[in-house]
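Undergrad: Give me a model of this one.
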Amino acid sequence: MNEDTELNAFESFAIEGIDLQRGMLNFTPKIYCEVLRVWCKHIQTSVEKLRRLAQAIEEGDNLNEYVIAVHGLKGSSYGICADEIGKRAGALESAGRRGDVAFVLANNEPLAEEIQALHARLSAVLDTCVEKNKDKPTAAAPDAGLLAELLAACRNFHTNAVDEALKKLEAFNYEAGGALVQWLRDQIDNLEYEAVERRLAEELAPRAG
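TA: All right, here's what the predicted structure looks like:
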């Protein structure tokens with residue numbers, strides 16, 4: 001599978017709890033995708049550790065090890081642009097440093113559950129990107145003729161022609177323009193034909209030069 005075409009699909013998603021667009025600006029898209037895979041691979045172990053340490057605190061252990069663990073989780077969360085989780089982890093770190101056992105015990109499990117929810121959403125998107133892009137031929141960019149065909153079908157409300165043109169576009173991975181094809185699919189699934197017309201008219205307009 002072409003990694004760049006996987007990223008084209010990845011860029012078209014939005015996930016609650018993480019700012020993907022900012023992440024791709026902070027890294028390169030390719031590196032960011034790998035960072036997220038690593039986070040998904042290791043975060044469950046971190047969550048289990050937090051739960052174990054919180055249990056130890058409840059049984060009378062000190063907070064030092066918990067503070068170190070939640071500090072690391074705070075950094076990794078901010079690192080992938082999951083800021084809300086980072087803030088929650090930061091609040092728990094501060095509580096641990098000041099010895100506020102009640103706050104730690106009340107808020108550790110909600111943090112663990114939020115992390116697991118983000119892990120599930122993020123893993124599903126990463127898996128979808130892989131599935132959508134495997135076993136397809138690669139093209140440099142969406143074919144202008146097919147885009148024009150799709151535009152004409154939308155203007156005339158020929159739904160069968162719309163579906164046919166879009167399926168032809170989706171038959172390829174793209175070195176550039178994959179996010180456009182995903183956007184077109186999302187809009188057409190929601191019957192936003194006018195939005196598709198406007199976007200395609202802009203894409204196909206002759207460039208002044």
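
Undergrad: how near is Tyr174 to Glu58?
TA: Distance of Tyr174 to Glu58, computed by C-beta to C-beta, to the nearest Å: 53 Å. C-beta coordinates here come from the backbone N, C-alpha and C atoms, glycine included.

Undergrad: quick one: which of those two has more around it?
TA: Tyr174 (24 against 12; other C-beta atoms under 10 Å).

Undergrad: Can you list phi and psi of the more buried one for me?
TA: phi -130, psi 140 (degrees, to the nearest 10).

Undergrad: biggest helix in this structure by residues?
TA: Longest helix in the chain, counting residues (DSSP state H): helix 101-133.

Undergrad: by contact count, what packs against it?
TA: The contact analysis (3 or more C-beta pairs under 8 Å, 6 or more residues apart in numbering; DSSP states H and E) places helix 101-133 against helix 3-10, helix 29-58, helix 64-79, helix 83-97.

Undergrad: So which of the ones you listed is nearest Pro206?
TA: Closest approach to Pro206 among the helices and strands packed on helix 101-133 (C-beta to C-beta): helix 3-10, 24.7 Å.

Undergrad: following that closest one, which helix or strand comes up?
TA: helix 20-26 (DSSP states H and E).

Undergrad: can you pull up the bridge partners for Ile15?
TA: Ile18 (DSSP bridges).

Undergrad: Read off the pLDDT value for it.
TA: Note on Ile15: pLDDT of 85.

Undergrad: Could you verify my assumption that it touches Ser123?
TA: No: Ile15 lies out of contact with Ser123 (C-beta atoms under 8 Å); the separation is 10.3 Å.

Undergrad: buried residues in stretch 71-86?
TA: Under the neighbour-count criterion of 16 or more other C-beta atoms under 10 Å, stretch 71-86 has 73-74, 76-77, 80-82, 85-86 buried.

Undergrad: Next, work out how far apart Asp141 and Ala179 are.
TA: In this structure residue 141 is Ala, not Asp. Separation of Ala141 from Ala179 (C-beta to C-beta): 11 Å.

Undergrad: so which helix or strand takes in the closest residue in space to Glu164 that isn't next to it in sequence?
TA: In space, and not counting its chain neighbours, Glu164 is closest to Ala153: 7.9 Å by C-beta to C-beta, 6 or more residues apart in numbering. Counting by DSSP H and E, the element that carries Ala153 is helix 144-155.

Undergrad: and that helix, what does it pack onto?
TA: Using 3+ C-beta pairs under 8 Å, 6+ apart: helix 144-155 touches helix 159-170, helix 193-204.

Undergrad: Any chance of CSV for those, columns mean pLDDT?
TA: Below are these laid out as CSV (pLDDT from 0 to 100):
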stretch, mean pLDDT
helix 159-170, 88
helix 193-204, 89
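
Undergrad: Can you add mean neighbour count and distance to Arg185 and give the ones you listed back as a markdown table?
TA: Shown next, in a markdown table, are the helices and strands packed on helix 144-155 (neighbours: other C-beta atoms under 10 Å; distance: least, C-beta to C-beta, whole Å):
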| stretch | mean neighbour count | distance to Arg185 |
| --- | --- | --- |
| helix 159-170 | 16 | 6 |
| helix 193-204 | 15 | 10 |
